[in-house]
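# Fold the following, please.
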Amino acid sequence: MGIFDKGFKKTNLNFFQKLGRTFTGKSKVDDDVLDALEEALLSSDMGVDTTLKLLDNIQDTVEKDKYVGMEELVAIIRDEIAKLIGEDDAPVVPFDFSKKPYVILVVGVNGVGKTTTIGKLAHMLRAQGKKVVIGAADTFRAAAVDQLDIWAQRAGADIVKQSMGSDPASVAFDTVKSAVAKGADVVLIDTAGRLHNRADLMNELTKIRNVIRRVVPDGPHEVLLVLDGSTGQNAFVQAKEFSRATDVTALAVTKLDGSAKGGVVVGIVDSFKFPVKFLGIGEGVEDLKVFDKKAFVEALFKPEDIS
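The predicted structure follows:
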């Protein structure tokens, strides 16, 4: 079983149900199969532009050999998806530990699994022997601070927090200052997930960035956008809004195990060119995985995994 198989069972089931009905009894890709393929890709929430791009490329390939079975078609789809999300098959190296502390600003709307992702990241890093400090800079939600506190205790990470309604930039400043004093390897800073006023969000994130640089001049080293993969096209909207509000450098896509919309990962990478660094494929502490393109492409459309 591949590392991402658990996260794409529903996507696979939906995809092959739509495509399989049309392909039954055929040994070539005709217009009916291409129409069904378009519907199947769109239903996985790959997005219109990415779907049409894939279809054009797939059609060019199958026209050279009309007699293509399901296995061959799936192989072609995987090859084309791999080209869209990048040519390098090497697993992602998520952090540059030569920078100490490595400061990660975590952004995303409320409800996408941002706080949980921070907790799982802290657990992953602590398991690697890294010293981690978490900053609870989402000071507008008591639940977020309480949840981070629990995760920090579980992971064995330090946490810096202030009272409800405190200035988020003040929490960020105290966090990086504490991390430097303690010789921490990684800093994870939670931020408020509000998109109702992009100007306010932009100003807040700019202020946080500026106070971090007073302590760590080249920080933050990463702005990690957390997206809920189960929301499909709404994740595209969030990616667009946050890319306008701050310099997003990487993605973590969560909740893929409960959704048939795994194609959203491909669509967002193709549309925004953000590298994916982590995929969330379940509720367990070990269910946040470092992105591996080859394993992802193999898991995304896997006919033998739908039974």
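# Which parts of this structure are helices?
With DSSP state H, the ranges of helices along the chain come out as 9-23, 31-43, 48-64, 70-85, 114-127, 142-155, 168-182, 198-215, 233-245, 264-272, 293-300.
# looking at the ones you listed, which is closest to Val253?
Ranking the helices of the chain by proximity to Val253 (CB to CB) places helix 264-272 first, at 5.4 Å. C-beta: built from backbone N, CA, C; applies to glycine.
# Report the distance from the closest one to the chain centre.
Helix 264-272 sits 10 Å away from the centroid of its parent chain (CA atoms, centre = their mean, to the nearest Å).
# Would you mark the buried spots in that helix?
Neighbour counts over helix 264-272 (16 or more other CB atoms under 10 Å) mark Val264, Val265, Val266, Gly267, Ile268, Val269, Asp270, Phe272 as buried.
# Mind giving me the packing neighbours of that helix?
Packed against helix 264-272 by the contact rule (3 or more CB pairs under 8 Å, 6 or more residues apart in numbering; DSSP states H and E) you find helix 48-64, helix 70-85, helix 233-245, strand 250-254, strand 276-280, helix 293-300.
# try 6 Å this time
Secondary-structure packing of helix 264-272 (3 or more CB pairs under 6 Å, 6 or more residues apart in numbering; DSSP states H and E): helix 70-85, helix 233-245.
# could the ones you listed go into a markdown table alongside mean neighbour count, distance to Ala127 and mean pLDDT?
Converted to a markdown table, these look like this (neighbours: other CB atoms under 10 Å; distance: least, CB to CB, whole Å; pLDDT from 0 to 100):
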| stretch | mean neighbour count | distance to Ala127 | mean pLDDT |
| --- | --- | --- | --- |
| helix 70-85 | 17 | 27 | 87 |
| helix 233-245 | 18 | 28 | 87 |
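# Next, format these as a markdown table and append distance to Asp31.
Output for those, formatted as a markdown table (distance: least, CB to CB, whole Å):
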| stretch | distance to Asp31 |
| --- | --- |
| helix 70-85 | 14 |
| helix 233-245 | 26 |
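# Compare the mean pLDDT across the helices of the chain and name the weakest.
Mean pLDDT per stretch puts helix 9-23 lowest among those, at a mean of 79.
# How about the contacts made by Leu41?
Thr51 (CB atoms under 6 Å, 6 or more residues apart in numbering).
# go again using 10 Å as the cut-off
15, 18-19, 47-48, 50-52, 54-55, 58, 77, 81, 263, 266-267, 301 (CB atoms under 10 Å, 6 or more residues apart in numbering).
# What's the PyMOL line that selects buried ones from these?
Buried subset of those, written as a PyMOL selection, criterion 16+ other CB under 10 Å:
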select buried, resi 15+18+19+47+50+51+54+55+58+77+81+263+266+267+301
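# How far does stretch 268-286 sit from its chain's centre?
2 Å.
# same check, this time on stretch 291-307
Computed by CA atoms, centre = their mean, the chain-centroid distance of stretch 291-307 equals 16 Å.
# which one is Lys18 nearest to, not counting chain neighbours?
For Lys18, ignoring the flanking residues on the chain, the nearest one in space by CB to CB, 6 or more residues apart in numbering is Ala40 at 4.1 Å.
# what's the neighbour count on that neighbour?
Ala40: 23 surrounding residues under other CB atoms under 10 Å.
# Tell me how far it lies from Val48.
Note on Ala40: its distance to Val48, by CB to CB, to the nearest Å, is 14 Å.
# Spit out the contact partners of Gly47.
Shown in contact with Gly47 (CB under 10 Å, 6+ apart): 41, 53, 232-233, 235-236, 263-264, 266-268, 270-271.
# Kindly report the same for Asp185.
Asp185 neighbours (CB under 10 Å, 6+ apart): 95, 97, 99-102, 125-126, 128-133, 179.
# how does it look with 6 Å?
Contact analysis of Asp185 by CB under 6 Å, 6+ apart lists Lys100, Lys130, Lys131.
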